[in-house]
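> Mind folding the following:
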Amino acid sequence: MATWVGGTLIVVMLIVSVALHEAGHLLTAKHYGMKATQYFIGFGPRIFSFRRGETEYGLKAIPAGGYVKIVGMSPLEATDGQSEADVRAQAAAVANLPTKTLPDERRLFYTYPAKQRFVVLVAGSTMHFVLAVLLTFAGLAIGGDLLHDPGPSTKLGYIVPCATPDQNNNCAAGAQPSAAKLAGLQVGDVLSAVDGTPVQNWQQFQSLLQGSAGKTLAVTVLRDGAPVTLDVTPTVRTNAAATGAAPTQTGFLGVSPAYRPYPSYDVFQAAAHTPPALWSYVTGTVRALGRIPGEIPNLVNGKPRGPDGPAGVVDLTRIGGSIASAPETLGTKAGSLLLIGAGVNFFVGVFNLLPLLPLDGGHIAILWYENARAWLARRRGRADPGRVDLLKVMPVAYVVVVAFAGLSVLLVYAGIVNPIQG
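Residues are numbered from 1 along each chain as shown. Predicted coordinates:
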């Protein structure tokens, strides 16, 4: 149940972020008086819709994004049979009139000043960045210092039942009990000493065990506040070695540590730690974008996927489910889910600003290219060359769309058959 809830919450956060992204475009367009005729979440067949004023709002069947139709964003749109030059001339003739008095054909996107068009285009990513800030603050305030792993304690959090568990600590029927089980160690015991040597941390305890395969050790633990000494004999575990090297043998006891609780934050501490967290998103996003080309072969070949590689919707829902079902406090789980939402929103906000059509960043790049070209023409006493012919750049946009769609499908497939490990 908890796994299902965690995965559902991740999906809900993704849908909400898409809705707010498109709301950013819609609200800024309406603020400037542009004509926005549609606001939809999803693509494909319409599930439902309703109209408020001149805008149709609705939901479509494929939850792979959303869109706002602002009339005049494409030069291919016809306006009562008029050419773009005619519309621009008419718009210039009434440029000083209040927006509300302009007829619809004067409210086309491309007739507005470049600064206003830029605000509309960048508003979607801005919503993602605002969400990242709010979710980060909320995650830190609710969950505490979740960005810094407090590490394992010297308290035992799990006893492996057998000496030969699989990678998920599951044991076959009739398997030999683990050394920890045979010695009588219990969950909740706090390690105190090994053969009289005080145990300072879990790493020290591990090193003592690994070098004592087959040797009997006197392990002292605190149980209910009282010292208890147990004779423990770690079993011998043979570890596979790299090609050309001899296998190694280490001691295996069959215990896992309980982890220290995350330090809690009040609202002021959460606010103070939000900027460093946002900076970690910046560096993480740069690394993630740089790794995408190199990770594609791993997705295709089915090689093990680490937590730092690209993740799709299936991966995110699986991670959300794992967090929700983890043996942590409700605050820690809620804070972790919020921070995942924050990181995803920041990444999407940056990704959407890449100068590639059909992303918003591609439209922004063309906008400023047009204005730079017009400025140079004025300096040379020449006529404004006008808008970029999108028909010439559409083939590039189609390639980008196909590439993004292919990567999305590949990530969904990998999330099902080759989940992220670690």
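
> Helices along this protein, start to end?
Using DSSP state H, the helices assigned to the chain run over residues 2-32, 84-93, 114-143, 179-183, 202-210, 267-301, 313-325, 330-351, 360-379, 390-417.

> Go through those and find the least confident stretch.
If you rank these by mean pLDDT, helix 84-93 sits at the bottom with a mean of 48.

> ok, now which ones touch the residue nearest in space to the middle of the chain?
Central residue of the chain (Cα atoms, centre = their mean): Val344, 2.7 Å from the mean position. Applying Cβ atoms under 8 Å, 6 or more residues apart in numbering, one finds that Val344 lies in contact with 13-14, 17, 316. (Glycine included, C-beta is placed from N, CA and C.)

> roughly how far apart are it and Thr136?
Going from Val344 to Thr136 by Cβ to Cβ, to the nearest Å gives 12 Å.

> Skip the chain neighbours and tell me the closest residue to Ser125.
Gly349 (4.2 Å; Cβ to Cβ, 6 or more residues apart in numbering).

> neighbours around the one you found, how many?
24 (other Cβ atoms under 10 Å).

> same thing with Gln200?
Neighbours of Gln200 under the rule other Cβ under 10 Å: 10.

> what domains does the record give for this structure?
Domains of the chain are assigned by automatic domain parsing as 106-150+262-422, 152-259.

> Check the gap between Pro385 and Trp375 for me.
11 Å.

> Could you find the closest non-adjacent residue to Leu316?
Ile10 (5.1 Å).

> hang on, isn't that neighbour packed against Gly343?
No - assessed by Cβ atoms under 8 Å, Ile10 is found out of contact with Gly343, at 11.7 Å.

> residues contacting Gln210?
Counting by Cβ under 8 Å, 6+ apart, Gln210 makes contact with 250-251.

> And for the one 3 residues further on?
Listed by Cβ under 8 Å, 6+ apart, the contact set of Ala213 reads 234-237, 249-252.

> Show me what counts as buried in stretch 300-308.
Arg305 (16 or more other Cβ atoms under 10 Å).

> picking that back up, turn the contacts of Val344 into JSON lines, columns for distance to Leu121.
As requested, the contacts of Val344 are arranged in JSON lines below (distance: Cβ to Cβ, whole Å):
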{"residue": "Met13", "distance to Leu121": "24"}
{"residue": "Leu14", "distance to Leu121": "22"}
{"residue": "Ser17", "distance to Leu121": "18"}
{"residue": "Leu316", "distance to Leu121": "27"}
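
> now, which of the residues you listed sits nearest Leu330?
For those, the minimum distance to Leu330 (Cβ to Cβ) is 17.2 Å, reached by Met13.

> Neighbours of the nearest residue to the closest one once chain neighbours are set aside, how many?
Leaving aside its sequence neighbours, Met13 sits nearest to Gly341 (Cβ to Cβ, 6+ apart; 4.2 Å). Neighbours of Gly341 under the rule other Cβ under 10 Å: 26.

> residues in contact with Gly341?
10, 13, 17, 131, 135.

> Starting from Leu410, give me the distance back to it.
23 Å.

> swap in Asp189?
Taken as Cβ to Cβ, the span from Asp189 to Leu410 is 46 Å.

> which one of those two has more residues nearby?
Using other Cβ under 10 Å as the criterion, Asp189 and Leu410 rank with Asp189 on top: 23 against 16.

> Quick check: that one touching Thr154?
No - if you go by Cβ under 8 Å, Asp189 and Thr154 don't touch, sitting 9.3 Å apart.

> separation between Leu357 and Tyr369?
12 Å.

> which one of the two has more residues nearby?
Between Leu357 and Tyr369, counted using other Cβ under 10 Å, Leu357 has the larger neighbour count: 19 against 12.

> which residues in the stretch 51-200 of the chain form strands?
In the stretch 51-200 of the chain, the segments counted as strands under DSSP state E, counting those that start in this stretch are 55-70, 152-159, 190-194, 197-198.

> Ala183 is nearest to which of the ones you listed?
Among the strands of the stretch 51-200 of the chain, the nearest to Ala183 by Cβ to Cβ is strand 152-159 (9.9 Å).

> Show me which positions of that closest one end up buried.
Across strand 152-159, burial judged by 16+ other Cβ under 10 Å covers 152-156, 159.

> what about Ile15, how many residues close to it?
Every residue meeting other Cβ under 10 Å relative to Ile15 is counted, giving 15.

> what residues are up against it?
41, 63.

> distance of it from Gly42?
Distance of Ile15 to Gly42, given as Cβ to Cβ: 9 Å.

> anything in contact with each of those two?
Common neighbours of Ile15 and Gly42 (Cβ under 8 Å, 6+ apart) are Pro63.

> does Val228 really touch Ala193, like I thought?
No - under the criterion of Cβ under 8 Å, Val228 makes no contact with Ala193, lying 11.2 Å away.

> Between these two, which contacts overlap?
Taking Cβ under 8 Å, 6+ apart as the contact criterion, the common neighbours of Val228 and Ala193 are Thr220.

> Quickly note the distance from Trp4 to Ile420.
Counting by Cβ to Cβ, the gap from Trp4 to Ile420 is 19 Å.

> Looking at those two, which one has more neighbours?
Per other Cβ under 10 Å, whichever of Trp4 and Ile420 has more neighbours is Ile420, with 21 against 13.

> Relative to Met34, how far out is the nearest residue to that one once chain neighbours are set aside?
In this structure, Ile420 finds its nearest non-sequential neighbour in Arg305, 4.7 Å apart by Cβ to Cβ, 6+ apart. In this view, Arg305 and Met34 are 43 Å apart by Cβ to Cβ.

> which ones are touching Lys333?
Residues in contact with Lys333, defined by Cβ under 8 Å, 6+ apart, are 6, 143, 323-324, 326.

> Please repeat the previous calculation with a cut-off of 7 Å.
By Cβ atoms under 7 Å, 6 or more residues apart in numbering, the contact list for Lys333 reads 323-324, 326.

> from those residues, which would you call buried?
323-324.

> Present the contacts of Lys333 as a markdown table; the columns should include distance to Pro275.
Shown next, in a markdown table, are the contacts of Lys333 (distance: Cβ to Cβ, whole Å):
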| residue | distance to Pro275 |
| --- | --- |
| Ile323 | 24 |
| Ala324 | 28 |
| Ala326 | 28 |
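
> Got a quick PyMOL command for the buried subset of the contacts of Ala213?
A single PyMOL command is used to select the members of those judged buried by 16+ other Cβ under 10 Å:
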select buried, resi 234+235+250+251+252
